[in-house]
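Participant: Test case, fold it:
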Amino acid sequence: MNPSLRQTKWLRVPLRAFFSAMAVSGALVATPAPAANPIACADLKTKLSIADTTITLTEMLPAGVNPNPVGTIAAPICRVVGVTTPAVQFEVWMPSEGWNGKFQMVGNGGTAGVISYSAMRLALARGYATASTDTGHVSSGSFDSTWALGRLDLIADFGHRGTHVTTVNGKAITRAYYGEPAKYSYYVGCSKGGQQGLMEAQRYPEDFDGLIAGDPANNWTRFYAGSHLWYSMATLKDPQSYIPAAKTAILGKATADACDLIDGIKDGVIDDPRKCKFDPSVLLCEAGQDPNTCFTAKQVQAVRDIQTGVRTPWGELVHPPLVPGAEDGPGGWAAWTTGSAPFTGLHWLAADGFFRYQVFQNPAYDPMSFNFGSDLLFSLHAVGPLLDAIDPDLRPLHRRGAKLIVYHGFSDPDISPLNSINYFESVAEFMAHRSDDRKDALERTQEFFRLFMVPGMQHCSGGPGPNTFDMLTALENWVEKGKAPHAVIASHSTAGVVDRTRPLCVYPKVAVYTGTGSTDDAANFKCRMPREERHHGHDDDDDD
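Facilitator: Numbering: from 1, shown residues only. Sure, this is the predicted structure:
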């Protein structure tokens, strides 16, 4: 390992502790005692006092109303709007009838900057009191970072503090309105929301009884460098390397042709892309071939660069790369990698703003000049302690009995699914420190943390695989009834009609076809250890 990197990792421990202490000192760490009597919605603004927080609006809204931008709500609610110093805007919605006695915090996407109203509506429809935050700034777009210029405090709020103080505020407001605390508290989020969930699990383990972190961007700084920026460099630094969106269909078909049958079922889904040995040179144009039906040598190299990733000068992989599968479709590479024209893909828009405004604090900075040695080390020093949720020590979460579910689409064109596998493995390895029994460490990790990989799902949704599922019910049953999830049924729909179901299995188990019945019916699959795991002595019991 490069000595400079060792020094970076050593320095990040006290930095993270420092910023965590700073955030807690500025956040609400002691909530009001349970109210003897409920406080009416209209009176919350004057009768409830929360440190460093101003309640700016309280209103009763009937079911079915559509106040812009809240949208149509499923139940009558008390809506509370507030702000915590310096600028953490938040909302709390509490059903005035049919409350399930629980609280749910919902996460954000991109660079946040907006209240997640659609996610709040989903929580409300299940009877939850729910809260969301813009994490301390207003964004003009999904990947706007201009708000971060000269504001390290806002980056800290975006990285971790905004979610935490909103959780604490939301619980206090819920307690005051109902006159009793919520019986259980949950967190649900995907993408940036997945980063928020893992940050909560690591830095604020007392906040929730259960957390769902989907497709998490938890290794934030390395992800922006080794994925967002690297994929952009691979296709944009040389104009001849750019891949038009129309060609993503060629790539998607080629990876499916190469690897769809690895699991023995031809269904348009690469079940485990780690087993796919796709060679992009099969796309190379032959003499006289229509260039719209094949790839140039530089385009082939761009695909290869994306699927191998970038390394530091001392040989370390910066971030896990994308894996083959589901590159085509509106949620695939056309959205993330190619865009409708050069420099319009989401990978570039994300990297460009992040490095100009959050990392280097210089609007004139050119991310294409990024050095994966010195500039990576600088980035990890500058913002890593505020944004990166990579701590494998989840013992505080485990000790308090909380549960964590992470899921990740195996065909995610944004955040490599290998990142979630790597984080889970890091937790299991941490748990193994006192034991030489790898299986025992896996079992102890799965007592509180379970990972579900979703074959064929793209970023948080979509893709050719079954991509609609209910992780929240699985989490509720685990937290409230002690029933750990062994499999979660996922479905795929075409034109609104379900045409395939498949079990999602607890990693490292995979769904294996029993050999009888339709391969589109989840009932005909069992969750089993992969063959290579079985050969190493792991049991092969089915999970029903």
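
Participant: helix, strand or coil for residue 187?
Facilitator: strand (DSSP: H, G, I helix; E, B strand; the rest coil).

Participant: That one: neighbour count?
Facilitator: By the criterion of other Cβ atoms under 10 Å, residue 187 has 28 neighbours. From N, CA and C alone the C-beta is placed, and that goes for glycine too.

Participant: I'd say it and residue 198 touch.
Facilitator: No. Taking contacts as Cβ atoms under 8 Å, residue 187 lies outside contact range of residue 198: 9.9 Å.

Participant: which residues do those two both contact?
Facilitator: By Cβ atoms under 8 Å, 6 or more residues apart in numbering, residue 187 and residue 198 have these common neighbours: residue 213.

Participant: Surely residue 493 is in contact with residue 466?
Facilitator: No. When contacts are counted by Cβ under 8 Å, residue 493 is not listed as touching residue 466 (9.1 Å).

Participant: And these two? Which one has more around it.
Facilitator: Ranked by neighbour count (other Cβ under 10 Å), residue 493 and residue 466 place residue 466 first, with 27 against 12.

Participant: what about the closest residue to that one other than its chain neighbours, neighbour count?
Facilitator: Among residues not flanking residue 466 along the chain, residue 490 sits closest, at 3.7 Å (Cβ to Cβ, 6 or more residues apart in numbering). Counted with other Cβ under 10 Å, the neighbours of residue 490 add up to 25.

Participant: What residues does residue 329 make contact with?
Facilitator: Residue 329 sits next to 248, 252, 458, 462-464 when contact means Cβ under 8 Å, 6+ apart.

Participant: Provide the strand pairings for the one helix or strand residue 406 maps to, with the direction of each partner.
Facilitator: When elements are assigned from DSSP states H and E, residue 406 belongs to strand 403-409. Sheet neighbours of strand 403-409, with direction, are listed as strand 210-214 (parallel), strand 449-454 (parallel) (DSSP bridges).

Participant: angle of the helix or strand that the last one is followed by against strand 403-409?
Facilitator: This means strand 449-454. The helix or strand immediately downstream of strand 449-454 is helix 471-481, counting by DSSP H and E. Orientation of helix 471-481 against strand 403-409 (axes from the mean of the first three to the mean of the last three Cα atoms, to 10 degrees) gives an angle of 160 degrees.

Participant: what mean pLDDT would you report for the following helix or strand past helix 471-481?
Facilitator: Toward the C-terminal end, the helix or strand that comes next after helix 471-481 (DSSP H and E) is strand 487-494. Taken as a whole, strand 487-494 has a mean pLDDT of 98.

Participant: what do you get for stretch 442-451?
Facilitator: 96.

Participant: Show me which positions of it end up buried.
Facilitator: 442, 444-446, 448-451 (16 or more other Cβ atoms under 10 Å).

Participant: Check which residues of stretch 295-310 are buried.
Facilitator: In stretch 295-310, counting by 16+ other Cβ under 10 Å, buried: 295-296, 299-303, 305-307, 309-310.

Participant: Distance to residue 112 and secondary structure added to these, as JSON lines?
Facilitator: Output for the buried residues of stretch 295-310, formatted as JSON lines (distance: Cβ to Cβ, whole Å; DSSP: H, G, I helix; E, B strand; the rest coil):
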{"residue": "295", "distance to residue 112": "36", "secondary structure": "strand"}
{"residue": "296", "distance to residue 112": "38", "secondary structure": "coil"}
{"residue": "299", "distance to residue 112": "34", "secondary structure": "helix"}
{"residue": "300", "distance to residue 112": "37", "secondary structure": "helix"}
{"residue": "301", "distance to residue 112": "35", "secondary structure": "helix"}
{"residue": "302", "distance to residue 112": "30", "secondary structure": "helix"}
{"residue": "303", "distance to residue 112": "31", "secondary structure": "helix"}
{"residue": "305", "distance to residue 112": "30", "secondary structure": "helix"}
{"residue": "306", "distance to residue 112": "26", "secondary structure": "helix"}
{"residue": "307", "distance to residue 112": "29", "secondary structure": "helix"}
{"residue": "309", "distance to residue 112": "27", "secondary structure": "coil"}
{"residue": "310", "distance to residue 112": "27", "secondary structure": "coil"}
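
Participant: which one among those residues gets closest to residue 117?
Facilitator: Of all those, residue 117 sits closest to residue 306, with 34.0 Å by Cβ to Cβ.

Participant: Next one: that closest one, what pLDDT does it get?
Facilitator: pLDDT, residue 306: 98.

Participant: circling back: pull the most distant pair out of the buried residues of stretch 442-451.
Facilitator: The span of those, defined through Cβ to Cβ, is set by 444 and 451 at 14.4 Å.

Participant: Residue 245 and residue 336 touch, don't they?
Facilitator: No. Using Cβ under 8 Å as the test, residue 245 is too far from residue 336 to be in contact (10.6 Å).

Participant: Doesn't residue 131 belong to a helix?
Facilitator: No. Counting by three-state DSSP, residue 131 is not found in a helix; it is strand.

Participant: Contacts only, for it.
Facilitator: Counting by Cβ under 8 Å, 6+ apart, residue 131 makes contact with 90-93, 103-106, 120, 166-167, 169-170, 173.
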